[in-house]
Each structure stands twice: as structure tokens, then as C-alpha cells.
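Novice: Structure here, sequence nowhere to be found:
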């Protein structure tokens, strides 16, 4: 599914279930937020996003603990902090290494995602091949897939 198709599916699902969505981004630098904002009726379900590229911004705005940022812990803390700041029902976060070189001992393409729902927070790691731009686009696509899966698994607020 293309990015715009996935964003439209997120829109339909969030609206149908009466849920709001937010994002917290590092690696993708606002790409994910831009894709969400372009989706149909985004003003009704998309709360917004926090682009926290620098570790100090992650710490100050999202309550991320000092330390490595290419970790499950960081992804979870980003998602939790954004859920609080945005008052969103479901939040996905993205942190990782775009490249071209390694960071924090991780090779380029290492990405951690956090997902915060009413049931709690979880994280998942993926690896994507390609140049930094390709890694960012693949990470945004994966984040939307995780978000859509989460939205589909949440019981409707109107049910």
C-alpha cells in the first residue's frame, strides 16, 4: 500500500473508531507528520506530532531519559511522552540510524518504533537497507503500518 493509501486507511479507521492519533519523530524528521496531515479529514483525528531530532529535545519535550536513543526504551518513552503532550489515544514514535554511518554502535538502517495505546506501550525494531532518504521513507511507511494495525485492533469507542 502506498503512503497516501495507508494514511487514508488510518484516517478512515481512526474516524470510524472515534480515536485520535499522534506521532513522535526523530529519524524521520517530520515526514510521518506530513503524511498524516495530508490524509482526509486530518483535523478531526490527527492531534499532531513532535519532531525531536536532538537527544536534548527528546529529554525536554518527551521526558526521554538521558542515554542512548537508538533503543526500545527511547522509542517507548517518546511514544508515551507524545501521548501525554498531544492528548492522543494512539501514538507511534520513530528513532534510529538513517546513515550513512553507524551511530551508538548500530548500523545504518536500524530503527526502533514505539506504539502507545490505551493498553500500554510496546516497541519493535526493524532494519531497512538504503541511503538515508530511503531509510526514512521506509521507516515512515512501517510506522503507518504499525499505527494502522493498532487502530484496527482497538475496540471502537462507539461500540
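Specialist: Good, I have the coordinates. Because the structure is a prediction, the values reported are computed rather than measured.
Novice: all contacts plus neighbour counts: C-alpha atoms, from now on.
Specialist: Fine.
Novice: All the helices of this protein, residue numbers only.
Specialist: Chain-ordered helices for the chain, with DSSP state H as the definition, fall at 3-17, 31-37, 42-45, 55-62, 72-86, 132-153.
Novice: now stretch 42-56, how far from the centre of its chain.
Specialist: 9 Å (C-alpha atoms, centre = their mean, to the nearest Å).
Novice: Just the endpoints, please. Distance across that stretch?
Specialist: 29 Å (C-alpha to C-alpha, to the nearest Å).
Novice: Now do the same contact list for residue 63.
Specialist: 77-78, 81 (C-alpha atoms under 8 Å, 6 or more residues apart in numbering).
Novice: For the protein, name the helix or strand with the lowest mean pLDDT.
Specialist: helix 3-17 (a mean of 93; mean pLDDT, DSSP states H and E).
Novice: winner for burial among the helices of the chain?
Specialist: Ranked by mean neighbour count, those are led by helix 72-86 with a mean of 25 (mean count of other C-alpha atoms under 10 Å).
Novice: and that one, what other elements does it pack with?
Specialist: strand 21-25, strand 46-51, helix 55-62, strand 90-96, strand 110-117, strand 120-127 (3 or more C-alpha pairs under 8 Å, 6 or more residues apart in numbering; DSSP states H and E).
Novice: and which of the contacts of residue 63 is nearest residue 139?
Specialist: Each of the contacts of residue 63 was checked against residue 139 using C-alpha to C-alpha; the closest is residue 78, at 15.6 Å.
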